[in-house]
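A.B. asks: sequence and predicted structure are below.
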Amino acid sequence: MNDRPPSDSTVASGPPTELGQDTQLPPSTTSGAEPVFVVESGVERLVADWESSGSPAELTEYLPDTSAIRRAALIELIKVDLEYRWLRSGHPKRIADYCLEFPELLAEPLPPELVYLEYRVRRQSGADVDPGEYVAEYPQQAARFETLLEHDRRMDRRTITAELGPGDDLDVGERLDDFDLMMELGHGAFARVFLARQRSMQRWVALKISRNIGNEPQTLAQLDHPYIVRVYDQRVLEDRRLRVLFMEYVPGGTLLDVVRLVRKTPPEQRTGQLLLDSVDRVLAERGEIRPEYSSVRDEIAALSWPETVAWIGLRLADALDYARAHGVLHRDIKPANVLLGLEGIPKLADFNVSSSDSVENRGAGGFIGGSVAYMSPEQLEVIDPSTHRTASDLDTRSDIFALGVMLWELLTGARPFPDDDGSASPPSPRVLLESRRRGVDPERSALPEDCPAALRRILVKSLAPDRDNRWSSGRKLTRQFALCLDPHARDLVDPAPGSVRSTMWRWALPIVIAAVGIPNLLAAGYNYYYNKVLIIATLPVEAQEDLEFVHLVIGGIAFPLGAVLIVYWCRLALTVPRGLRNGRTYSSEVLEKARATTLGLGHRAVVVSFGLWVVAGVAYPVALEITAGGIPLRAYTQLLASLAVCGAVALAYPFFILTFYAVRCLCPILLSHGELRGSDGRNIRALGRSMPRYLAVAAAVPLIGVAGLSFVGGSTGDAVNATVRALCLGGIFAFIAVYQLFRRIESDLRALERVVWLEVPGSPTRRRR
């Protein structure tokens with residue numbers, strides 16, 4: 001048996017691979033059906049030299065080049081290794097890594113087929129790969145690469161057409177029912193989308209052509225929201241087994257175009273204009289005209305890039321909340337499914353509604369659909385046969401997770417998890433699930449320097465592995481994005497790390513005691529000195545001693561009792577923020593009560609202290625009656641006037657000090673760890689309405705002191721006059737300080753109220769918690 005090859009050549013071959021059949025390249029990609037390559041033996045060159053010169057050189061010059069044989073074998077081995085690494089093992093490797101390991105690969109230009117194979121297996125593994133990057137990175141192989149790419153695209157269209165139905169080779173320029181197909185906008189596994197002209201209505205529509213299965217049109221027809229692509233109607237072509245879904249045409253491309261532009265733009269050059277540039281590029285490619293003037297475009301252009309991401313997130317979160325209210329989950333949120341209008345306004349498209357809650361079988365990946373790179377842990381569990389979760393377990397928090405992944409990618413150019421950042425891709429849902437259960441790695445997924453702490457907090461909470469720790473609804477997430485877009489509210493709720501405000505929570509109890517205790521001690525001192533000169537000094541010595549004792553007893557009881565009552569009544573405002581800072585978790589009900597208590601901290605504290613002064617207003621006359629056998633009516637009037645001054649001091653000054661501290665230092669902790677609700681808005685408004693009354697009391701302190709002198713009559717003495725003057729002067733300065741606090745608190749409350757009572761532009765008005 002002759003084992004010699006059939007031709008005068010040296011043959012090297014590698015083992016055939018099953019994976020090679022799955023990822024078979026187009027014709028001329030390889031040298032044959034099997035991984036076989038041929039290296040010239042030199043015989044033809046030897047014959048030619050003999051015929052031409054009659055005196056050839058040494059035969060060693062015509063022997064096969066062993067390095068060429070090794071390089072050819074290495075290339076075939078790399079092809080097999082690439083497929084296994086990217087599609088089976090979860091240990092991906094790039095061509096550049098092979099070149100570092102085997103420098104002989106660079107002895108000659110790399111085969112275009114090898115470059116294209118890497119592109120294909122990366123795409124098949126789920127990575128988001130831009131073919132333009134390969135054309136730029138491998139200019140020598142670019143022409144052949146583009147040929148192979150176009151061949152694959154034609155094959156994909158044929159595959160989709162085969163899925164749509166027999167004989168439906170749809171193409172631009174044809175007419176389908178009432179529609180003229182003008183341009184192909186995109187295609188997926190089971191559908192093609194065209195820009196079409198509807199003849200009967202004389203309008204442009206996006207035409208989605210798919211097989212006649214599922215309940216997508218009936219479900220999407222319910223959704224009428226400015227940030228969801230509007231579905232007009234459908235037609236079923238029974239003879240061709242096709243469903244034609246015609247929808248609103250959104251001409252500005254997708255967020256995927258924006259993500260690709262973000263990756264090419266240095267972080268310091270990213271602004272809101274980047275979003276508009278992406279839209280304008282797509283408009284130019286499609287022959288569309290950009291708007292001459294647009295207030296929305298002006299608004300976007302003035303935003304920083306993190307603010308632009310929040311601007312987009314606010315609208316998409318509101319769309320998700322609207323869809324949830326109509327019983328619809330998206331389940332396939334990714335950049336390619338967010339379309340952009342002429343002004344950059346995002347619109348959700350391609351709701352994966354065919355994956356209904358009735359699908360109960362585990363591992364139903366074909367029913368659940370979606371893109372695994374953006375799936376939440378619980379959605380990955382549905383498509384993992386080893387878990388027991390079903391599609392009916394999913395809720396809006398799964399969409400919120402996917403939205404968080406997409407917005408993180410939009411903000412940074414890379415996804416937040418190491419398995420899907422564009423340089424590597426997981427081989428199975430189980431590996432993806434393990435990555436997501438570990439949560440976001442802040443060190444690896446660094447955010448831009450200009451990213452506000454509020455946006456970072458919002459995205460990290462959206463990506464919480466446990467869905468109970470995520471935002472529970474799109475409405476609450478919308479409020480958070482609104483807070484991020486309001487500089488005042490944003491800086492209030494998320495103070496700069498290391499700032500004084502960010503650490504003042506540590507001193508909550510001493511601050512509360514000092515804010516209440518110091519004004520009340522000053523008031524008590526004024527009351528004692530004022531009454532001692534005008535009333536007590538006129539009594540017998542024994543009565544004076546008894547009243548001194550009464551003062552001590554009342555003060556000794558009132559101050560500790562007041563402190564205990566205030567701390568108990570305001571305990572949630574003192575303990576919950578500290579617990580949150582120390583890593584404790586609380587239920588939403590406890591957090592809501594803590595927010596209400598904190599906003600009412602000043603009011604609760606002064607109610608207790610004022611109540612004790614009212615008790616003192618009864619105790620002092622009783623004590624005088626017992627010890628002195630009664631005093632003149634005018635003396636009672638003087639006593640009540642001094643107690644009124646003390647009560648006003650106890651009301652006004654502690655209220656503003658504590659409210660300022662609560663709004664500026666304690667509320668931010670609660671708002672950053674909880675969820676803004678409608679009840680918070682009512683509490684904020686109630687606090688805002690009460691502040692002018694307390695301000696009026698603060699203004700009345702010196703007036704009450706002066707009015708009290710009018711009841712004294714005759715000569716009051718220099719000591720009393722000096723005391724009242726000190727009261728008036730101190731009251732004026734205190735009122736100025738209180739008024740400044742009033743203005744600051746009022747401004748803070750307005751900022752928070754704007755966020756709580758949010759109305760998303762164009763969104764259907766719905767009053768909800």
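C.D. replies: Arrived safely, thanks for sending.

A.B. asks: mind listing what the residue minimising distance to the centre of the chain touches?
C.D. replies: With distances taken as Cα atoms, centre = their mean, Leu459 lies nearest the centre of the chain, 3.4 Å away. Neighbouring residues of Leu459 by Cβ atoms under 8 Å, 6 or more residues apart in numbering: Gly404, Leu407, Trp408, Leu411, Pro416, Val440. Placement of C-beta: from N, CA and C, glycine included.

A.B. asks: report the distance from the helix ranked longest in the chain to the chain centre.
C.D. replies: Using DSSP state H, we find that the single longest helix of the chain is helix 717-756. Distance of helix 717-756 from the chain centroid (Cα atoms, centre = their mean, to the nearest Å) equals 40 Å.

A.B. asks: packing partners for that helix?
C.D. replies: Packing partners of helix 717-756 (3 or more Cβ pairs under 8 Å, 6 or more residues apart in numbering; DSSP states H and E): helix 474-485, helix 487-493, helix 508-534, helix 633-661, helix 678-709.

A.B. asks: what's the closest of these to Asn582?
C.D. replies: helix 508-534 (12.8 Å; Cβ to Cβ).

A.B. asks: what's the model's confidence in that closest one, averaged?
C.D. replies: Mean per-residue pLDDT for helix 508-534: 85.

A.B. asks: quick one: distance of that helix to the chain centre.
C.D. replies: 48 Å.

A.B. asks: sorry, back to before: need the winner for burial among the helices and strands packed on helix 717-756.
C.D. replies: helix 474-485 (a mean of 26; mean count of other Cβ atoms under 10 Å).

A.B. asks: quick one: that one to helix 678-709, angle?
C.D. replies: 50 degrees (axes from the mean of the first three to the mean of the last three Cα atoms, to 10 degrees).

A.B. asks: the protein: strands as residue ranges?
C.D. replies: For the chain, the strands defined by DSSP state E cover 9-13, 36-40, 175-176, 179-187, 191-198, 203-211, 231-237, 242-247, 338-340, 346-348.

A.B. asks: coming back round to it: going by distance to Arg230, which of the contacts of Leu459 wins?
C.D. replies: Taking the contacts of Leu459 together and measuring to Arg230 by Cβ to Cβ, the closest member is Leu407, at 23.3 Å.

A.B. asks: give me the neighbour count for the closest one.
C.D. replies: Applying other Cβ atoms under 10 Å, we find 26 residues neighbouring Leu407.

A.B. asks: now the one 10 residues further on
C.D. replies: One way to gauge burial is a neighbour count; for Phe417, by other Cβ under 10 Å, it gives 21.

A.B. asks: what's it in contact with, if anything?
C.D. replies: Each residue near Phe417 by Cβ under 8 Å, 6+ apart is listed here: Val405, Leu432, Ser435, Arg436, Val440, Ser445.

A.B. asks: right, and the helices and strands packed on helix 717-756 - which one's nearest Glu759?
C.D. replies: Nearest of those (Cβ to Cβ): helix 474-485, 9.5 Å.

A.B. asks: picking that back up, separation between the residue nearest to the centre of the chain and Phe179?
C.D. replies: Per Cβ to Cβ, to the nearest Å, Leu459 is found 41 Å from Phe179.

A.B. asks: dump the strands of the chain to JSON lines, plus distance to Pro465, mean pLDDT and mean neighbour count.
C.D. replies: Listed next are the strands of the chain as JSON lines, based on distance: least, Cβ to Cβ, whole Å; pLDDT from 0 to 100; neighbours: other Cβ atoms under 10 Å:
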{"stretch": "strand 9-13", "distance to Pro465": "48", "mean pLDDT": "38", "mean neighbour count": "15"}
{"stretch": "strand 36-40", "distance to Pro465": "48", "mean pLDDT": "45", "mean neighbour count": "16"}
{"stretch": "strand 175-176", "distance to Pro465": "46", "mean pLDDT": "86", "mean neighbour count": "14"}
{"stretch": "strand 179-187", "distance to Pro465": "33", "mean pLDDT": "83", "mean neighbour count": "16"}
{"stretch": "strand 191-198", "distance to Pro465": "33", "mean pLDDT": "86", "mean neighbour count": "21"}
{"stretch": "strand 203-211", "distance to Pro465": "35", "mean pLDDT": "84", "mean neighbour count": "21"}
{"stretch": "strand 231-237", "distance to Pro465": "34", "mean pLDDT": "84", "mean neighbour count": "16"}
{"stretch": "strand 242-247", "distance to Pro465": "35", "mean pLDDT": "84", "mean neighbour count": "22"}
{"stretch": "strand 338-340", "distance to Pro465": "24", "mean pLDDT": "93", "mean neighbour count": "25"}
{"stretch": "strand 346-348", "distance to Pro465": "25", "mean pLDDT": "94", "mean neighbour count": "23"}
